[in-house]
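Peer 1: Sequence first, predicted model second:
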Amino acid sequence: MEPIPVQIGRYVVESLVGAGGMGQIYKAHDPDIRRTVAIKLISTRLMSSADRGEYIRRFRREAEAAARCAHPNIVSIYDYAMHEGQPFLAMEFVHGRSVRQMIEESPMAVPDAIHVMLQVLDALASAHEQGVIHQDIKPANILLTPQMRAKVTDFGISRFANADTTSISSSMGTPSYMAPEQCRGGPVDHRADLFAAGATLFEMVAGERAFGGHNSVEVTHHIMYDRLPLLPAAARSAAPRLQLVLERAMGKHPEDRFSSGHEMAEALRQILGTVAADVQDRMRRPSAGMTATFVMPPAAPAGRSGPPPRGAPPSAAPSAGPPPSLPTPGRVQGRSPIDASTRQMLEQKLIPYLGPIARVMVRSAADRASGLDALCAELAAAVPEGTERESFRREVAPLLRTRPPVIDDEPSHGSIGSFHEPELERAQRALTQYVGPIARVLVRRAARDASSIDGMWQALSMHIELPAERAAFLRQRHE
């Protein structure tokens, strides 16, 4: 390692705080105005002349981009200059650590993660209004002070919207957070940053990347073709609508995403408004797969329960729905049983309770639901509990009464009478912990098709995503 310089430009170096393949970051003192700064010094000595010129241009662009984006949640750039032929930036020194360092120790509580992301989105909205696209939003580029103020850093590969010339490829970025259009090397706009913000928020809450893989080829394949995996059960329980917000933020096409950082922030604020205080307290207590607090406890011991790694090859990628061997009963493969007019009617009834996210929620839930009963039950669960939820149920009740009888209410070859009602109620209570109100529909259907009580419980367990939760559910069969 190179010796620490005594001085860089006019700045007196105090210590080395970080190093990477392209350079170092030092803590330094500005003697002119007596403040602590961070010095980002890039080493270009081993580069070819062409590469060296490109990195110097890139570095200067970072200074220009950050200078255009003066915002309390963006690391301030103070100076750009050369030191012994090498470019450096003098910038705000942030006392704290990165989101990457935090989530490597433990996932974050849903409310805390959303509070941080709201600050990031405010910073991005400001940058976008100045015509600057960051292009590399990720946990390592979000710094947090001890007071939990977020600071977005590293505008090194940012670009100016509508710039006449740029040598920066749209495919530059960190693979796990790149939007599909970035993976393809196509043109990007500010909505690529919103995709990356969604991927970052997913990781903050889940403790693992939404799209992983053994190499960049696998990662980009997952991003371009796979559906967003489900958040851990604890996060879904704390904020059922967060999954839908992330699905919209990480839409495969830019037009599927939020139109601005402000719009995505508003959707997250609605979620915060519906997270009850007791749920927040429960989320802050350690639980399987989710440790929630900004004061990080020791790392969980090996073998703790939690979601499986997502770094599998494309052929083994986890699915957000039932396993391929068990297609959702009662529906044609790849088609929703809910017609377009019914979806639209439900959207109109749900909007007064949930706002603009209602359309996304109905579309997503309808694709998973086995019928109208199940769909209405899932939508009702997303409405704040109390008079609002009951009001929504009353509004959709006529729709359920006037529809033709569905197969779930008809007798079948596997008579439900072969199981005693207490057995069905016990299975329903156990399953409700993991899938919500749809448990009743799933239990009745499984009871018709199963030849034994054990077979019914095994069939029901396939609707639970996490292996540890699936095992806990099956243990209740003999309790």
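Peer 2: That came in fine, so what should we check first? Numbering: from 1, shown residues only.
Peer 1: Any buried residues in stretch 208-224, and which?
Peer 2: Applying a neighbour-count criterion of 16 or more other Cβ atoms under 10 Å, one finds Glu208, Arg209, Ala210, Phe211, Gly212, Gly213, Glu218, Val219, Thr220, His221, His222, Ile223 buried in stretch 208-224. For every residue, glycine as well, the C-beta is placed using N, CA and C.
Peer 1: Which positions in the helix or strand encompassing Ala267 come out as buried?
Peer 2: For Ala267, the host element (DSSP states H and E) is helix 261-274. Buried residues in helix 261-274, counted by 16+ other Cβ under 10 Å: Gly261, Glu263, Met264, Ala265, Glu266, Ala267, Leu268, Ile271, Thr274.
Peer 1: What are the structural domain limits within this structure?
Peer 2: Residue ranges for the domains of the chain, per automatic domain parsing: 7-92, 97-294, 338-403, 415-479.
Peer 1: so where is the stretch 1-150 of the chain shaky, pLDDT-wise?
Peer 2: Applying pLDDT under 70 to the stretch 1-150 of the chain flags residues 1-2, 20-22, 45-50, 62.
Peer 1: Show me where it has its helices.
Peer 2: Counting by DSSP state H, counting those that start in this stretch, the stretch 1-150 of the chain has helices at residues 49-68, 99-105, 110-129.
Peer 1: For the shortest one, what is the distance to the chain centroid?
Peer 2: Taking Cα atoms, centre = their mean, to the nearest Å, one finds helix 99-105 lying 15 Å from the centre of the chain it belongs to.
Peer 1: So which residues make contact with it?
Peer 2: For helix 99-105, contacts defined as Cβ atoms under 8 Å, 6 or more residues apart in numbering pick out 108, 116, 138-140, 142-144, 150, 200, 203-204, 207, 294, 296, 299.
Peer 1: redo that, cut-off 7 Å
Peer 2: With contact meaning Cβ atoms under 7 Å, 6 or more residues apart in numbering, helix 99-105 is reached by Met108, Val116, Pro139, Ala140, Ile142, Leu144, Glu203, Met204, Gly207, Met296, Ala299.
Peer 1: can you give me the strands in the protein?
Peer 2: Applying DSSP state E to the chain gives strands spanning 7-8, 11-20, 23-30, 35-42, 77-83, 86-92, 97-98, 132-133, 142-144, 150-152, 159-160.
Peer 1: hmm, back to that, could you say which of the helices of the stretch 1-150 of the chain is packed most deeply?
Peer 2: helix 110-129 (a mean of 22; mean count of other Cβ atoms under 10 Å).
Peer 1: number of nearby residues for Lys151?
Peer 2: 22 (other Cβ atoms under 10 Å).
Peer 1: Distance-wise, check it relative to Met108.
Peer 2: Using Cβ to Cβ, to the nearest Å, we find Lys151 at a distance of 17 Å from Met108.
Peer 1: same check, this time on Thr145
Peer 2: 15 Å.
Peer 1: ok, now Ala123?
Peer 2: 18 Å.
Peer 1: Over to Thr153?
Peer 2: Taking Cβ to Cβ, one finds Thr153 at 19 Å from Met108.
Peer 1: who touches the closest residue to Glu395 other than its chain neighbours in this structure?
Peer 2: Spatial nearest neighbour of Glu395, chain neighbours left out: Lys349 (5.0 Å); criterion: Cβ to Cβ, 6 or more residues apart in numbering. Contact partners of Lys349, counting by Cβ under 7 Å, 6+ apart, are Phe392, Glu395, Val396.
Peer 1: 10 Å instead, please
Peer 2: Ala358, Val362, Cys376, Leu379, Ser391, Phe392, Glu395, Val396, Leu399 (Cβ atoms under 10 Å, 6 or more residues apart in numbering).
Peer 1: Do I have it right that the fifth one meets Tyr353?
Peer 2: Yes: proximity of Ser391 to Tyr353 meets the contact threshold set by Cβ atoms under 10 Å, at 8.0 Å.
Peer 1: Out of the two, name the residue with the larger neighbour count.
Peer 2: Tyr353 (18 against 13).
Peer 1: Now the more buried one: closest residue in space that isn't a chain neighbour?
Peer 2: Val383 (4.8 Å).
Peer 1: What does the pLDDT read for that neighbour?
Peer 2: Val383 carries a pLDDT value of 76.
Peer 1: Ok, Met296 next?
Peer 2: At Met296, pLDDT is 31.
Peer 1: got it, and Thr342?
Peer 2: Looking at Thr342, the pLDDT reads 85.
Peer 1: From what I see, Val110 and Val245 are in contact.
Peer 2: No: under the criterion of Cβ under 10 Å, Val110 is not in contact with Val245, lying 11.3 Å apart.
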